[in-house]
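In: Predicted model and sequence below, questions to follow.
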Amino acid sequence: MPRKHNKALTPNARKLRKNMTPEERKLWFEFLRLYPVHILRQKVIGNFIVDFYCAKAKLVIELDGSQHYSDAGINDDQKRTETLHTYDLAVIRFSNKDINDNFPGVCQSIDRVIQDRTMNKV
């Protein structure tokens, strides 16, 4: 299924890049920004703005704050993930608590997934 870029979301994505959460900022500046495989932040994919996106690995990385654990948040995240899967994208999620309490483990997990998904790609 082709990914449509919803241009109407671009200004909001730009705002989100400028106003990242503390956990997004930590993951970006302390790990993803200098990662050897190119990763984008606050990327518009379809009708969503994903936290981080690695095109080479076809991977979306999402950080979830407390609002993601309400019934509505869980339901919205499930629909979002299902839609992203139709674009042949994998989605991995980490809680803000994971970032704050186990940052090295989060980085290792992301690295492992990217390595696994790019191993046979040029």
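Out: Good, I have the coordinates.
In: Which residues are in contact with Ser109?
Out: Ile92, Phe94 (C-beta atoms under 8 Å, 6 or more residues apart in numbering). No exception for glycine: its C-beta is placed from N, CA and C like everyone else's.
In: change the start of the numbering to 22 and stick with it
Out: New numbering, starting at 22: the last item is Ser130.
In: Check the offset of the helix or strand containing it from the chain's centre.
Out: Secondary structure from DSSP states H and E places Ser130 in helix 124-139. Mean-position distance between helix 124-139 and its chain equals 13 Å (C-alpha atoms, centre = their mean, to the nearest Å).
In: residues of it that come out buried?
Out: Buried positions in helix 124-139, judged by neighbour count with 16 or more other C-beta atoms under 10 Å: Phe124, Val127, Cys128, Ile131, Val134, Ile135, Arg138.
In: Which of the residues you listed sits closest to Leu84?
Out: Val127 (9.1 Å; C-beta to C-beta).
In: circling back to that earlier point, CA-only coordinates of the helix holding Ser130 in PDB, if you can.
Out: The C-alpha trace of helix 124-139 is given here as PDB (Å, rounded to 0.1, in the frame of the first residue of the first chain):
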ATOM      1  CA  PHE A 124      18.000   4.100  28.600                       C
ATOM      2  CA  PRO A 125      20.900   1.700  27.700                       C
ATOM      3  CA  GLY A 126      18.400  -1.200  27.300                       C
ATOM      4  CA  VAL A 127      16.200   0.900  25.100                       C
ATOM      5  CA  CYS A 128      19.100   1.900  22.900                       C
ATOM      6  CA  GLN A 129      20.200  -1.800  22.700                       C
ATOM      7  CA  SER A 130      16.700  -2.800  21.700                       C
ATOM      8  CA  ILE A 131      16.500  -0.200  19.000                       C
ATOM      9  CA  ASP A 132      19.900  -1.100  17.700                       C
ATOM     10  CA  ARG A 133      19.100  -4.800  17.600                       C
ATOM     11  CA  VAL A 134      15.800  -4.300  15.700                       C
ATOM     12  CA  ILE A 135      17.500  -2.000  13.100                       C
ATOM     13  CA  GLN A 136      20.400  -4.400  12.600                       C
ATOM     14  CA  ASP A 137      17.900  -7.300  12.200                       C
ATOM     15  CA  ARG A 138      15.800  -5.400   9.700                       C
ATOM     16  CA  THR A 139      18.700  -4.000   7.600                       C
END
